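Engineer: Show me the folded form of this:
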Amino acid sequence: MRGLDLALRRAVTVLAAALAGCTTAQAVCDSRAVPIYQVQGGGESAAITGVLTLRGVVVGDYEGARPALRGFYLQAAEGDGDPATSDAIFVFNGDNDDVEVGDLVTVSGRVAEFQGQTQLSASSVTVCGTGSVKPVDVFLPVADDDFLERFEGMLVRLPQTLHVTEQYQLGRFGEVVLSLGARLPQPTAVAEPGPASAAVLRANELSSLVLDDEANDQNPAVIRFGRGGRPLSAANTLRGGDAVSGLVGVLTFTWAGNAASGNTWRLRPSGASGTYAPVFESANPRPPVPDVGGTLRVASLNVLNYFTTLGSRGASDQLELERQRAKLVATLLELDADVVGLVELENRQAALADLVATLNEAVGRSDYAAVTTGPLGTDVITVGLIYRRTSVAPAGDYAVLDDAFDPSFRDHHNRPVLAQTFVDAQGRALTVAVVHLKSKGSDCLDVGDRDTGDGQGNCNITRTQAAAVLARWLATDPTGAEDSDQLVLGDFNAYRREDPVVVLETAGFVSLLHEFHGDSAYTFAFDGMWGALDHAFASPALLGQITGVAAWHVNADEPSVLDYNVEFKSLSQLEELYTPDPYRASDHDPLLIGIELR
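Structural biologist: From the prediction side, this is the model:
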């Protein structure tokens, strides 16, 4: 319909010119134009500015009223052969809709830099015929931050196989971050904090690029990037690590229409010359529950703010609570663990009781119970323990690590640790401690704990001191078990090479996830990089009884838009993007540990 309207407008223009005996359009098309590559030059900013006339082929059409980009990309039909200069430019055309991809166009207007991108603000646009441009190959990693400037606005091809390393903004802005070779590691998950991890971060930055749709709107009705060239849905996901090859599109330096996803290099395949819909292949299928062996299974699960007090921190209303609860219960059912440490529960017993009641309802028996503690500490979130009564029973009272043991634990930043000893049918004991150390998301300046810039983020001293206190506390046999089999699990908000993990390992505890899976282990994705914030540490006495451990990758790999939330979703999306299954029940992957107690 749009093409027909444009054709009619052109026909009317030509007819009017002919009737008037006017050759203005032809004169414009025959007029002298400044080569686009001379305007772009070889630097970060335009070499020529001011009022100019340019000519080229439309390689990307993003016209229309806001939130569209309101313009098109014009590329010289023949470049200058200099790889250091771009042959294209963005033409800002207001709310007008004058061209189509493949048009040969002459434009006049003022050239200037706008938000880091060279653009011509059009005063006149004349279609002079048709043309074509072949995409130029671009390879990752790039040499430096300025390397892509030479391709600004051009039709390019990425011949390499790239992998999804982030899709956090997929639902909101229709964008995916792609990386070369594999998903990008969190620097401190694979390298020592400081210069070594900084080098990893730098390599990550040079090896990634944003793939964006043609729109600049928020919360699009159709989320274009799912597997197989089809839109995203709960049944057709796009997981971290999924692959795409031979991408073609216009390379733009733009934003996604909101400061939450600001100016950066983006490849936009839609709206570009030709048909270049990305076809993502599944390189990371949804996995079954890991087989960890053993006669006793222990799990750790971050429940991402499970609150029955609506509108506070978790679910906003009853519908969201029901959707959240259904996903968490589905996760717990498939984990089929005998003991589960829960993280990010509302710090009131009602939330934990509600989850246990729903779980029992789902199995049709009162198999599960909670370690009843009441509120722990002063934070709005806490940790908890549930267990299968047909498998284990609590032995004695639970114990809590807080400031009463050591004031340096800093209870107002690190949530209290909950420990409980369980015994199986043969009377064999296991003490499980659930941990949630201070996050990196907010600072600890009130206690003089600054981000030192070594890659460990905010509050590293707070977490490290807490880990040291935790090790000393566990050495006191806080539950009175008189048994040295201890399993410490939860969200430590620290990656493999960071100080809190090192402190616990120095105290003799073994990081099971890394012992079994090495540095490639992950449970969480942040800023397009992957690593394990969730850990399970075994005491030396327990280590030989561990039969297996694994993260179940049902959350970190999935787009966040597939979660339980209903905000910013159409009625159809509420159904298309949601199923009551374990996928994206949280933002952290659960851990599962198999144990053969002796």
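Engineer: contacting residues for residue 198?
Structural biologist: Shown in contact with residue 198 (Cβ atoms under 8 Å, 6 or more residues apart in numbering): 187, 455. From N, CA and C alone the C-beta is placed, and that goes for glycine too.
Engineer: Which of the three states applies to it?
Structural biologist: What DSSP: H, G, I helix; E, B strand; the rest coil gives for residue 198 is helix.
Engineer: And the pLDDT for it?
Structural biologist: With respect to pLDDT, residue 198 scores 98.
Engineer: so where do the strands sit in the stretch 201-350 of the chain?
Structural biologist: For the stretch 201-350 of the chain, applying DSSP state E, counting those that start in this stretch gives strands covering 208-212, 243-254, 264-268, 296-306, 339-346.
Engineer: Report the inter-axis angle for the helix or strand containing residue 156 versus strand 243-254.
Structural biologist: Assigned by DSSP states H and E, residue 156 belongs to strand 155-166. Here strand 155-166 points in a direction 110 degrees away from that of strand 243-254 (axes from the mean of the first three to the mean of the last three Cα atoms, to 10 degrees).
Engineer: Buried ones in strand 155-166, by neighbour count?
Structural biologist: 155, 156, 157, 158, 160, 161, 162, 163, 164, 165, 166 (16 or more other Cβ atoms under 10 Å).
Engineer: Now do the contacts for the second one.
Structural biologist: Contact partners of residue 156, counting by Cβ under 8 Å, 6+ apart, are 135, 136, 137, 138, 248, 249, 250, 251, 267.
Engineer: Where does the prediction get shaky in the stretch 401-550 of the chain?
Structural biologist: Where the stretch 401-550 of the chain drops to pLDDT under 70, the residues are 410-412.
Engineer: make it 80
Structural biologist: Confidence mapping of the stretch 401-550 of the chain against pLDDT under 80 gives the ranges 408-412.
Engineer: Below-threshold pLDDT in the stretch 51-200 of the chain: ranges please.
Structural biologist: Judged against pLDDT under 80, the stretch 51-200 of the chain has no low-scoring part.
Engineer: quick one, strands of it?
Structural biologist: With DSSP E, counting those that start in this stretch as the criterion, the stretch 51-200 of the chain has strands at 71-75, 88-92, 103-114, 117-130, 136-137, 155-166, 175-180, 184-185.
Engineer: now the angle between strand 117-130 and the second one, please.
Structural biologist: To tie it back to what came earlier, the one meant is strand 88-92. Using the same axes, to 10 degrees: strand 88-92 against strand 117-130 is 90 degrees.
Engineer: helices or strands up against strand 88-92?
Structural biologist: helix 36-40, strand 50-62, strand 71-75, strand 103-114, strand 117-130 (3 or more Cβ pairs under 8 Å, 6 or more residues apart in numbering; DSSP states H and E).
Engineer: export the ones you listed to TSV and tack on distance to residue 328 and mean neighbour count?
Structural biologist: Shown next, in TSV, are the helices and strands packed on strand 88-92 (distance: least, Cβ to Cβ, whole Å; neighbours: other Cβ atoms under 10 Å):
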stretch	distance to residue 328	mean neighbour count
helix 36-40	53	23
strand 50-62	41	22
strand 71-75	46	27
strand 103-114	47	19
strand 117-130	44	18
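Engineer: can you redo the ones you listed as JSON lines with distance to residue 571?
Structural biologist: Shown next, in JSON lines, are these (distance: least, Cβ to Cβ, whole Å):
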{"stretch": "helix 36-40", "distance to residue 571": "46"}
{"stretch": "strand 50-62", "distance to residue 571": "28"}
{"stretch": "strand 71-75", "distance to residue 571": "33"}
{"stretch": "strand 103-114", "distance to residue 571": "38"}
{"stretch": "strand 117-130", "distance to residue 571": "37"}
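Engineer: Ok, which of those comes nearest residue 323?
Structural biologist: Comparison of the helices and strands packed on strand 88-92 against residue 323 by Cβ to Cβ identifies strand 50-62 as nearest, at 35.3 Å.
Engineer: Alright, I will stop here.
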